[in-house]
Every structure is written in structure tokens, then in C-alpha cells.
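Could you work out the structure for the sequence below:
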Amino acid sequence: MMQKLAEKFTILNDRGIGMLTRIYNIKKACGDPKAKPSYLIDKNLESAVKFIVRKFPAVETRNNNQQLAQLQKEKSEILKNLALYYFTFVDVMEFKVCTVNFDLTKNYLDLVVTYTNLMMLLSRIEERKAIIGLYNYAHEMTHGSSDREYPRLGQMIVDYENPLKKMMEEFVPHGKSLSDALLSLQMVYPRRNLSADQWRNAQLLSLISAPSTMLNPAQSDTMPCEYLSLDAMEKWIVFGFILCHGVLNSDQAALSLWKLALQSSTCLCLFRDEVFHIHKAAEDLFINIRGYNKRVNDIKECKEQALSHAGLMHRERRKFLRSALKELATVLSDQPGLLGPKALFVFMALSFARDEIIWLLRHADNIQKKSTDDFIDKHIAELIFYMEELRAHVRKYGPVMQRYYVQYLSGFDAVVLNELVQNLSVCPEDESIIMSSFVNTMTSLSVKQDGDVFDFRGMRLDWFRLQAYTSVSKASLGIADHRELGKMMNTIIFHTKMVDSLVEMLVETSDLSIFCFYSRAFEKMFQQCLELPSQSRHSISFPLLCTHFMSCTHELCPEEAYGFKSCIKKIITVDPGLHFDSERDLASKTVGDHCSRLIDRLILFRSISRSIVGMTMYNQATQEIAKPSELLTSVRAYMTVLQSIENYVQIDITRVFNNVLLQQTQHLDSHGEPTITSLYTNWYLETLLRQVSNGHIAYFPAMKAFVNLPTENELTFNAEEYSDISEMRSLSELLGPYGMKFLSESLMWHISSQVAELKKLVVDNVEILTQMRTSFDKPEHMASLFKKLSSVDSVLKRMTIIGVILSFRSLAQEALRDVLSCHIPFLVSSVEDFKDHIPRETDMKVAMNVYELSSAAGLPCEIDPALVVALSSQKSENISPEEEYKIACLLMVFVAVSMPTLASNVMSQYSPAIQGHCNNIHCLAKAINQIAAALFTIHKGSIEDRLKEFLALASSSLLKIGQETDKTTTRNRESVYLLLDMIVQESPFLTMDLLESCFPYVLLRNAYHAVYKQSVSSSA
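Sure, this is the predicted structure:
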């Protein structure tokens, strides 16, 4: 029997998982009205089913024909459709018979826990009696007798109504072997169950903490235990000591081990998403046992400890593991050769991270405390991402690891093992043959065996057999007496797995297929990751998790592989818009296809849009927003990260990103949500330009930027950091021509509002302005008329605001031109050439079309098409076109005759350093030229004639202040003179010759001399 022990353990453990899978699926099917056997929900059969359940397992079929008569018609269908369920229960019974006979530590404990989980899961199928009873009744009606397995199966179902209580009785004969196996964990489990601070102090998983030993192989006396699942150990301890509970009263080490496990979790996994609430179940079992009051109190204390401290402890562990795995992945990415000597670190890191993620997943779904902060981890995607990165390194550099360990096995392990075998004082023939085969197998290894596939499964099974031979009390060669041999063989077994079982090792240490059964948690974590800008770069982690799902299938339940379509479908339908054309289409898709659709529709469209908008960090309350250059850097980094998706699925990331960014150039995206275009347009108009109007910011032409002015209440932002040429170029990169066009249209809407108000002021002064228009050569009359004008300051202020807005638009247009010249230089040069060669006699409609094309490319135009469109939309009631034209002419007159009043303003002083005035009146030059060009294009007047008229009026008015003696009125006379030069320099319609005919150039020269001299003296 001992010769087959290893084989039986291997087969039974695998079969146990298969039986759990089948029972789990039966439980889920019975819990789903759509999948539940129809006989259990048929109203016509309800009374018969209740009768069978009430009398189970003894049902007198002959004496109850009336109640069971309805079943007679359905007996053939019942036999056919319930056979799979019935014989699954029979298989569970057969598995139970084989289980409680074996005694090797890990496999024995695995088998005990699998058996326990199986019986507990079976007891949770509420319809088990109905299914078994219905099948047996149909069998008896068909064949004349009950199924031969029914008596034992029925009795087992009755006996295991309370499975743990029954198994506690059942394991009494095996208490010694089970407790001995559990006590062997007293060194391993506490070492694995340390706090994050202890891990940090020990510099766990760090390759760079001791650079001198970086190339040394990672070694341990207990190699397989280093990456053993913490979750598995806790199940061994909790279930094991419940089954052999007597040892808790007699052995303090056993009690300490059990209490430590009870303090670490509030629930354990039975199978997939089926959990076991350990404290309540243990308390219910022990409270009825005499003399166990202390144990009940221990359970209550441990429960309080788990509720108050376990969440925090595991949260800190995840925090530590994020940084540790990041460091490990970074170092191995740079030096993949370290995967050879440090492979143990990689699998330890994967195992530790896997345990913490599964713990969080299980407990977040079964929270037993009011505070949930410890069960919400916004950075879980980052930890999964680093796990996937390590897994990718192992898969990519598997040949490097294989080569390293082939040499290690043949050059070192074989030599050491041979010495240990030679030094054995007693070695029976069978054991000697196995040992010699180990040495010979390793010695014959060579890295040149390229054509051969390495397979050490036989060698590992032989070591399993050898452990069985040498673990019995009467064995000639006791493994306990030769610990060095055991340690060496465990190390060798790990090394062989590094050669032929890397994929299996990845599944063993980092499988997260459990997410398939926690679709809501998966969805919540996924959405949380996408909405958090700092984590969205790791969002690829969740689609990659779908590749884990197939690892949880089992050959004893082959139909489940097709059932995974519903599991993946639940995850895919995180986005209601994501759907498949048909069930047949869904069934034909592979996991990779599902991942592709998931990424294509969920991440790479709406989610990217939200992430990009989130990167602006716009705060409506404080009016804070990220600088365009910062957002551009973030978007580029985000795109670089997302391009890694192309390594896993067939998706054109560039096309997807182009679609998303194209939506961001509109006012609203396809879901009706604000875009970066609307956010930045709103911010520049309502925050930056509003503060310019309030006198807190000035436009500095020399710097081509808006700059904060020193004021009592300092602004919360630096205007220069948002408006200099580099920031405007970044804004143009982000918004593109469409977005910049929307920005321009919004700016023009504000200008049109100001022009509408200006026209009202002109109407209020229309008679006076009409007289002034024809009396500019009569100084005394002009002076008397000017005194009658109202709202002079308002006209200048509104024109200055218009000039500021146009100056900002000029910056935006210049930045757009620079960006497009880099991206499409030939197209931009063609448009520019086309614009520059329009004949003067060209029809205005044709010219405006060319100007519109040029403006869209960021090129400056003599007549601004956007401004023309904005001003054309203004409709004045009861005013004829002739009157509109007259108002436009008088508006220019109003501005011209008002300019001398600027000289009395303290802030009107010209600064050569900024090439402008601190009160932004230098922006009047742009406002006057562009407003005149737009208005007289609309009213089909002569732009040149009207600007000449303006220049004549303005020159005449300014010359008069040269004769003034009041210093207050003329304090900044020279600075205001310069406005005439600026207007001419800005205008494509005026010339310096024309200016000199109206205003002596000597006055301009003297004005420049005076302001520069004053600037030097002020600086001194």
C-alpha cells in the first residue's frame, strides 16, 4: 500500500478539486431559477417533491400513489435529466470513502481540507434531497428497484446535515496524525504571517539591499514553503484543528497556531466565491461541547482582533508589496539574468501579492464591520500590474532561467546529492535505486539538449514515493534522521520546476482566476482604476486578468469551459453599450477576443475620455486647472502606456486615441460630458481674461504673454504660466484646429457683446458725434462738443477689453500656426501662399472664404472672418442698413475723440521693457484696426477711408493736448502719442506717410525719447 501512496495522494487531490467544481456548479445551478431543474420548480410536482424531501431517505413508493402519481408521467425525463446530478453525489460518496487513510504533510492536509470543503459545499445545496429522491423514485418506477447506491447515498446526506460536527466525530481516530501534520507548521506559518513593518525591516524581496550578494543564488532550508499559499495554510490550521479539536486543550503550540490564524481573517474560501465564516461556525460547534468555555472565549477574542486589526495589517502589506514588486520588476527588467539566481524571490513576491489580493477580494465581499476603508484599495491595479510584469519577465526569459538551472542541477546539485547519498550509513536497496537515479538524471543534463524537452515529473514523483517509504515508523531509512538530505531534495525539486514547469509555477503562485467569480468587485475595481488618473496607467491589469480564467477549469467538469462565456460576459457588460451580436458569437470567442472587446469598448473610448478630462484637475470652486503643458505631458505618457496593449491584443491604439482626442476638440463628447476644450475655453475666458479686465493682469507684447501685476490681493495663479508661447502651443496640440476654432468663436461672442454695448453708447451720443465728425478742423467747437459727450471712459474701457481679447486670440492663432507648421508644413505653406496672393479686386465673399481657411490654419488675416461672422449675427430692430453704417462710422469717431483722456491716467505710462502700457491701452491698436475692418466689411464700406478718417480725428484730438498746460491732464501725453504709431504699425490699411501728413513725426520721435528716458530714470 505504501508503494502507491504518492500516486493516490496525487490522484485524490486532483479528483477532489474536480468534485468541488462539479458540486459548486450544481449549487449555482440550483440557485439560479433559469438553470434549476424544472422538476424542482414545477407547480404540478411541488407536492410530490415536498413529500419525498419530508420522508427522505425512506420513501414508500407503493403506498403513496396519489401524491406521487404525477411523477409517473415524468419518470423517464427525470432519470435522463437528473442523472448527472445524482451520480455527482455518488462520486462524492465514493471520494469520502477513500479520503481518511493517509499521512503525508502537505498532500495529506490538502486532502483533508478538500474533503472538508466538499462536504460543507454539498450541505449547502438545499435541493440535494429532492434531486436524489426524485431520481431514485424514477429509477424504482422504471426498473422495479432502487438504485444500488441510493441507501448509502441517502444515509450520507442525512449524516452530513451538519458536516463539521459529523467530521469531528469521523476524525477522532486520525487526531494524532492530523495534529502532528498541523504542528509541523508552527515554524512556517508564523514566519509567513508577519506584519509589513517586519517585512520592511528585513528588506524582504529586495535585490539591491545587499549588492554584494546580488548574484548569489537565493537559498532556503524550506524552499517549497517560501512560496506556499498563506490562504492554504490558514485553511489547514482552522479546519484541521476544528476536526481534531482535542489537541487545542492539551498543546499550547497548537492553540497559539490556531489563534493566530483566527486573528488574520474573518472568513475563509471554501471554493471560489463560497466562503466560510470561521468564528461563528467554530463558536457554534464548541459552545455545545463540555469544558470548551475557554475556547469559545478565545474565538470571541480572536474575532474582535480580526475585525479591528486584520484589515489594517493586510492594507499595509499591500502597500509594502506595491513598492517591493515595483523595485523587483524594475531591476529584473534591466538585468533579466538575475531571474536565474533570484527566481525564488520572484515566486515569493507573486505568491505574497496573490494572497493579499485574494484576501481583499474575499473580505471586501463579506465585510463584517462598519468601517470599510481597509477593504477599499484604490491602488490594487498597480499591485496587479507589477504581478503581470513579473509574470511577463518569467515567460519572456524562461530559456535564460532554464539554462541557468540545468547547469545548476548538473554542476552542483548532483555533486552535493551524491555526497549525501554516499555518506548514508543505512540505505535499503529500493531507496538506493531511487537516489542513484536522481544523481544519474542530473549528471546527464546538458544545456546543449536543444532538441529534447526536459521533463522531471517522474523524478518528482519518485521523490514523493521516497518520502512515503521513509516516513513510516518502521522504515530502515527515516527521513527525519537525515534532514540535510530532505532539505537538499526539496531544493533540487524547486530547481527542476524552474526547468520544465515555469507555467505551472506561475499558476501555482499568481493565479487570480477567482476574479471570474467576483464580477461585481472586478467591475468596481476596474472603474475605480479608470477614474483615478494616477492609476489609469495600470488599467491594462484588468483585461490581462481575463487570461487567468481558464486556469480554474477542471477535466472532471469539461462543460464549465463553455460556461465561462457568461462569467466573462458579466465583466464585459460593465459598459451597457458593450454587447455581442448573438450567443453563438459569444460562445465562439476566445478569452483573447473577450479581452480585445473589453479593452476596445470599455477602456479605450469613454474611459480614456474621462481620464484625460480628469487629468486637467479642474476645480470649479477654486477655478484651478492644470497648465496645458502639464496636461500634454500626462496625455503623452498615458498614450505611451496604453500602447503596451498592442503587445497583448490586436488593437490599433493610435486610431482609438485619435477618436478620443477628436471628441475632446468639441464642446461636449459623445456622452454629453464636458471636454478639455470646454474646460480650458471657460477657464481662459472666465478666469484669466476677467482678471485682465479687473486690472490684475496685463498683456506684455515684448514677452508675448499675460503677466500678473503687483496688487493687494494676489491671484492664485501665475498668468504667464498659462499664456506664454510654450503653453499656448501645448494648448493648440491638445485642442487641435477644431478646439482652437471653438475657443476663437467663444472669444468673438464676448467681443460682439462689447460691440453691442458700444453701439448703444454711440446712439446715446449720435447728434454730438455727427457734429464732431465734420468739425475736427474747428478746435474751439470740438472742445465744446466734447464736453457734452457721455460715457467716454466706458467707450475706451470696452475697446480696451476688445483689444485684450484679440491679443489673446492672436497668441492662440500664432501657437496654432506653429503647431500645424510642424505637423503639416507643406499644407500650411500652401494655404499661406494662397492667402498672400489674393488680388485686391477679388470679390469679398471669395476673399472671406480664403481668410476663413487661413484663420483655421492659424494665419493672420487683414479681415478676421470669425469677427465678421460674430458681428454679422447682431440684429438691431428698426434700424436701417444706412443707420447701421452710420453708427459704425460714429463709433470710430467716438474712439478717436476720446483718446486724449487717456493721458490723464496714471497707468497709461508706456514701458519700453514690456513694449506696452500697464493698463493695456496698447491693445487699442489691435481693437481699432480689427473692429473697423470687420464692421466696414459687413456694411460694405471702404476700410481704408474710414481708418484715414479715424487717424485724422485722433491726430487732431491728440495735438490739442500738446497745447494744454494742466500737468494732470497731460501727465502721460507722450505715452498716448505712441498709440498712433502702434495703430499704424498694426494696420494693413494705413501707412507711416499718411500718419506723418496728420501728425508730425518729430512729435513721435520726441515721445519715444521721453518715455525711454523716463524709463531709465525710473529704473535708476
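
What pLDDT is listed against residue 303?
What the model reports as pLDDT for residue 303 is 93.

now swap in the one 3 residues further on and tell me
As summarised for this prediction, residue 306 has a pLDDT of 91.

From what I see, it and residue 266 are in contact.
Yes. With contact defined as CB atoms under 8 Å, residue 306 counts as touching residue 266 (5.1 Å). (Each C-beta comes from the backbone N, C-alpha and C, glycine too.)

Now list whatever residues contact both of those two.
residue 279 (CB atoms under 8 Å, 6 or more residues apart in numbering).

what about residue 780, how many neighbours?
Neighbours of residue 780 under the rule other CB atoms under 10 Å: 8.

ok now the strand or helix carrying it, how far from the chain's centre?
Assigning secondary structure by DSSP states H and E places residue 780 in helix 779-788. For helix 779-788, the separation from the chain centroid amounts to 70 Å (computed by CA atoms, centre = their mean, to the nearest Å).

Who are the packing partners of the helix or strand immediately after that helix in the chain?
Using DSSP H and E, the helix or strand that follows helix 779-788 in sequence is helix 792-823. The elements that helix 792-823 packs onto, with contact taken as 3 or more CB pairs under 8 Å, 6 or more residues apart in numbering; DSSP states H and E, are helix 689-693, strand 697-700, helix 725-764, helix 825-836, helix 881-898, helix 924-938.

Next SSE downstream of the fourth one?
Okay, so that is helix 825-836. Remark: after helix 825-836, the chain's next helix or strand is helix 844-856, criterion DSSP H and E.

Run through the residues that contact residue 739.
664-666, 676-677.

how long is stretch 200-220 from one end to the other?
Terminal residues of stretch 200-220 lie 19 Å apart, using CA to CA, to the nearest Å.

ok, residues contacting it?
Counting by CB under 8 Å, 6+ apart, 199, 226, 320, 324-325, 327-328, 331-332, 338, 341-345, 348-349, 352, 408, 491 sit against stretch 200-220.

Quick check: mean pLDDT of it?
89.

go on, stretch 457-471?
81.

Likewise for stretch 477-496?
Rounded mean pLDDT across stretch 477-496 is 82.

Of the contacts of stretch 200-220, just the buried ones, PyMOL syntax please.
The buried residues among those can be selected in PyMOL (16 or more other CB atoms under 10 Å) with this line:
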select buried, resi 199+226+320+324+325+327+328+331+332+338+341+342+343+344+345+348+349+352+408+491
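
Out of the helices and strands packed on helix 792-823, flag the one nearest residue 460.
Residue 460 lies closest to helix 725-764 among the helices and strands packed on helix 792-823, at 58.0 Å (CB to CB).

Check whether residue 388 sits in a helix, strand or coil.
helix (DSSP: H, G, I helix; E, B strand; the rest coil).

was I right about it contacting residue 544?
Yes. Counting by CB under 8 Å, residue 544 is a contact partner of residue 388 at 5.1 Å.

returning to what we had before: what about the helices and strands packed on helix 792-823, which gets the closest to residue 118?
Here helix 725-764 is closest among the helices and strands packed on helix 792-823 (CB to CB), at 58.5 Å.

Off-centre distance for the closest one?
With CA atoms, centre = their mean, you get 36 Å for helix 725-764.

what do you get for stretch 692-700?
That offset, for stretch 692-700, works out to 41 Å (CA atoms, centre = their mean).

Now that stretch: average pLDDT?
Stretch 692-700 comes out at a mean pLDDT of 87.

Span of it from start to end?
Start and end residues of stretch 692-700 are separated by 12 Å (CA to CA).

circling back to that earlier point, could you flag which of the contacts of residue 739 are buried?
Buried among these (16+ other CB under 10 Å): 664-665, 676-677.

Which members of the residues you listed define the maximum pairwise distance?
The widest separation within the buried ones among the contacts of residue 739 (CB to CB) is 8.5 Å, between 665 and 676.

Common neighbours of these two, please.
735, 739.

what helices or strands is the helix holding residue 780 leaning on?
Counting by 3+ CB pairs under 8 Å, 6+ apart, helix 779-788 packs on helix 766-773, helix 943-961.

can you tell which of those is closest to residue 162?
Closest among these, once you apply CB to CB, is helix 943-961, at 98.0 Å.

between the closest one and helix 881-898, how big is the angle?
If you take axes from the mean of the first three to the mean of the last three CA atoms, to 10 degrees, helix 943-961 sits at 30 degrees to helix 881-898.

Please renumber the chain so that the first residue is 865 from this point on.
Got it, first residue is 865 now, which makes that one helix 1807-1825.

What is the subsequent helix or strand relative to helix 1807-1825?
Following helix 1807-1825 in sequence, per DSSP H and E, is helix 1837-1850.

Mind checking what helix or strand follows that following helix in sequence?
Trace forward from helix 1837-1850 with DSSP H and E and the next one is helix 1856-1862.

what about that next one, distance to the chain center?
Counting by CA atoms, centre = their mean, helix 1856-1862 comes out at 65 Å from the chain centroid.

Now that helix: buried residues?
Under 16+ other CB under 10 Å, the buried positions of helix 1856-1862 are 1858-1859, 1862.

so where is the stretch 865-1014 of the chain shaky, pLDDT-wise?
865-870, 923-931, 959-968 (pLDDT under 70).

Which parts of the protein are strands?
Using DSSP state E, the strands found in the chain span residues 1131-1135, 1138-1141, 1561-1564, 1569-1572, 1774-1775, 1780-1781.

Switch these over to TSV; also include mean neighbour count.
Listed next are the strands of the chain as TSV, based on neighbours: other CB atoms under 10 Å:
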stretch	mean neighbour count
strand 1131-1135	20
strand 1138-1141	17
strand 1561-1564	24
strand 1569-1572	20
strand 1774-1775	22
strand 1780-1781	24
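
can you tell me which of these comes nearest to residue 879?
strand 1131-1135 (14.3 Å).

Point out the other helices and strands that that closest one packs with.
Looks like strand 1131-1135 contacts helix 869-894, helix 969-987, helix 1094-1107, strand 1138-1141, helix 1207-1228 (3+ CB pairs under 8 Å, 6+ apart).

Let me see the residues that make contact with the third one.
Just to be clear, that refers to helix 1094-1107. For helix 1094-1107, using CB under 8 Å, 6+ apart, the contacting residues are 973-974, 976-977, 980-981, 1028, 1031-1032, 1035, 1039, 1042-1043, 1045-1046, 1049, 1052-1053, 1056-1057, 1111-1112, 1118, 1121-1122, 1125-1126, 1128-1129, 1132-1133, 1142, 1146, 1149, 1215-1216, 1219, 1222-1223.

re earlier: so which of the strands of the chain is nearest residue 915?
When the strands of the chain are ranked by proximity to residue 915 (CB to CB), strand 1138-1141 comes first, at 29.9 Å.

what separates that closest one from the chain centre, distance-wise?
30 Å.

Quick check: the spatially closest residue to residue 1856 that is not a sequence neighbour vs residue 1372, distance?
Closest residue to residue 1856 apart from its sequence neighbours, by CB to CB, 6 or more residues apart in numbering: residue 1848 at 6.0 Å. Relative to residue 1372, residue 1848 is positioned 82 Å away (CB to CB, to the nearest Å).
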